[in-house]
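> return atomic coordinates for the entry below.
(one chain, ligands or ions: 2)
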Amino acid sequence: MITIPFDHIMGLWEEARSKSSFINQSVLISYTKQIEDQDPFTFFQNSEKYFPGQRFFWSNPDHSHIIVGAGITQEFTVKDDENRYQSIEKQWKRFIEEAVCKYEVEEVGPVIFGGFSFDPKKEKTSLWSQFSDALFILPTFMLTILKGKTFITINYLSDFNKLHLQNLVATEEDLLKPISVKQLSTTSIVKCVEMDPSEWKQSISNVTKRISEGVMDKVVLAREMRVLFDNDINVLPVLEHLMEEQSNSYIYTFERGNDCFLGATPEQLVKKDGKNVQSMCLAGSIARGEDVLEDEEYGQTLLQDEKNIHEHELVVKMIRASLEEVCSQVHTPDRPSLYKMKHIQHLHTPVKAITTENKSITDFVKLLHPTPALGGFPQDVAMETIREVEKLDRGWYAGPLGWMDYKQDGEFIVSIRSGLLQAREASLFAGCGVVEDSDPESEYKETQIKFKPMLSALGGNPSK
Ligand SMILES: C=C(O[C@@H]1C=C(C(=O)O)C=C[C@H]1O)C(=O)O
Ligand SMILES: [Mg+2]
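Ligands and ions are numbered 1, 2, ... in the order given. Just a heads-up that it's a prediction; the model follows:
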């Protein structure tokens, strides 16, 4: 096993200490090294002992980029909702500017991981008390698998003492050990409670009426399902299940003490890599067929369905227009294609652009969130409507979640198909785009399908 040698850790620490006394603030040391292949789930499980409630997991759809974080070396958060994007970026920049960093390839260095709530202006409930409107973590240990290569990163501070450093080395060795006993899930679902479906359907009718009166074009309304278990939920099997079943999806987990937010979303909000910017329009849905023929038929129906095309086009229009403000060569195909997951298929338009300005990934998150795929159109009216009409506290559901590196590049997804796990309980969320032709019953069925990935991962029988 190749781990990071103690004398390297010490050497960088001494360098950081002299810098720290010079600038009179604590200095970050970030050391990344390529190591032998590691199973990310083993790392995730091994780290529970040292860092319970302080882990995160991220995988992109083709699993070519996986990040697992454990421990908190530094936390970045905001107190009020003013400028939450800029505030996180500013804190991170200030921190990283003075850091002593050592990495072997440019793509893997220190990264912060976290998310933003859907709407900081919405009245808060206690459900999301552990998740503030903006919260990012610089983990103590991070395993990165990038295009088949595995890296370990250690992030520590100049004010750690020598004992602390020795512990870091010992912990690292333990985290990279192959697992001895695999934990199995022993929880079963006791009860699933849909939060007032008839009231929700009524709100769809009310909103379609407002749309037909010309108040707005689209608004996304979500609903919540509460699931009760016979025992505390174990995160790892849920995560593994999502990874196995939910192809074409980003798999994500963010632990916060006893709470854990996780899901499997197909929807990328934005990725920035140097000048290259990528986004995705995903809206318009239909079920998967029972067999290939039926599936094909459903897909064709979706591609030609006016209501769904309208739902989708509003997203394309907004994302294109927003990116055109700061990018050149904003490219989208002329018409949507199908994007298929295990339980559902969507209309999909990929977006590629080149930035002309010196913008960060958080600038792009701010520019795009919430797109009409999760908010509506026009944005301000839709957000007001959601605040007024929706009975649930979305918290981080449908918010931007992702990572940012030391160059202010990164990738964010829209955290849908998700749930908040709290000991023996879970809150699952699903929404749908409401337009003038929306029918409450079919929208209800669409959200039922959208609950399936999480229900199935939690051991439920989603066909019911
Ligand atoms: C709101 C959700 O999904 C969004 C709504 C969609 C729709 O209404 O067709 C499709 C994809 C997502 O942008 C959700 O899954 O909760
Ligand atoms: Mg829809």
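> what's the burial count for the closest residue to residue 10 other than its chain neighbours?
Nearest non-adjacent residue to residue 10, counting by CB to CB, 6 or more residues apart in numbering: residue 165, 6.5 Å away. Where you see a C-beta, it was placed from the backbone N, CA and C, and this is true even at glycine. Applying the criterion other CB atoms under 10 Å, we find 17 residues in the vicinity of residue 165.
> got the residues of the stretch 301-450 of the chain near ligand 1?
By the criterion of CB under 6 Å from any ligand atom, the positions of the stretch 301-450 of the chain lying close to ligand 1 are 311, 346, 373-374, 416-417, 430-433, 450.
> of the residues you listed, which belong to strands?
346, 430-433 (DSSP state E).
> buried among the residues you listed? Need that as a selection in ChimeraX.
Provided next is the ChimeraX selection string for whichever of those are buried by 16 or more other CB atoms under 10 Å:
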select :346,430,431,432,433
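> give me the most central residue, this structure.
Residue closest to the mean C-alpha point of the chain, counted by CA atoms, centre = their mean, is residue 401 at 3.5 Å.
> elements contacting the helix or strand hosting that residue?
Under DSSP states H and E, the secondary-structure element containing residue 401 is strand 400-405. Taking 3 or more CB pairs under 8 Å, 6 or more residues apart in numbering; DSSP states H and E as contact, the helices and strands that strand 400-405 lies on are strand 111-116, helix 361-368, strand 410-414.
> right, so of these, which gets closest to residue 378?
Minimum separation from residue 378 across the helices and strands packed on strand 400-405 (CB to CB) falls at helix 361-368, 14.7 Å.
> what does the longest helix anywhere in the chain contact?
Taking DSSP state H as the criterion, the chain has its longest helix at helix 306-326. Judged by CB atoms under 8 Å, 6 or more residues apart in numbering, the contacts made with helix 306-326 from elsewhere in the structure are 217-218, 277, 279, 281-286, 302, 330, 332, 336, 347, 349, 351, 353, 355-357, 359, 363-364, 367-368, 371-373, 377, 379, 433, 435, 437-438.
> show me what the residue lying closest to the residue nearest to the centre of the chain once chain neighbours are set aside is bridged to.
Setting aside the residues directly before and after it, residue 401 is nearest to residue 115 in space (CB to CB, 6+ apart), at 3.6 Å. Beta bridges link residue 115 to residue 135, residue 401 when assigned by DSSP bridges.
> and residue 115, what does it touch?
Contacts of residue 115 were listed using CB under 8 Å, 6+ apart, and they are 131, 134-136, 254, 261, 396, 399-402, 415.
> please name the nearest non-neighbouring residue to residue 269.
When the adjacent residues along the chain are set aside, residue 269 lies closest to residue 412, with 4.4 Å between them (CB to CB, 6+ apart).
> next, count neighbours for that neighbour.
Number of residues near residue 412 (other CB under 10 Å) recorded here: 26.
> what separates it from residue 363, distance-wise?
According to CB to CB, to the nearest Å, residue 412 stands 12 Å off from residue 363.
> also residue 157?
Here residue 157 is placed at a distance of 28 Å from residue 363 (CB to CB).
> same check, this time on residue 146
Residue 146 sits at a distance of 24 Å from residue 363 (criterion: CB to CB).
> neighbour count winner among these two?
When residue 146 and residue 363 are compared for neighbours, residue 363 comes out ahead with 19 against 15, by other CB under 10 Å.
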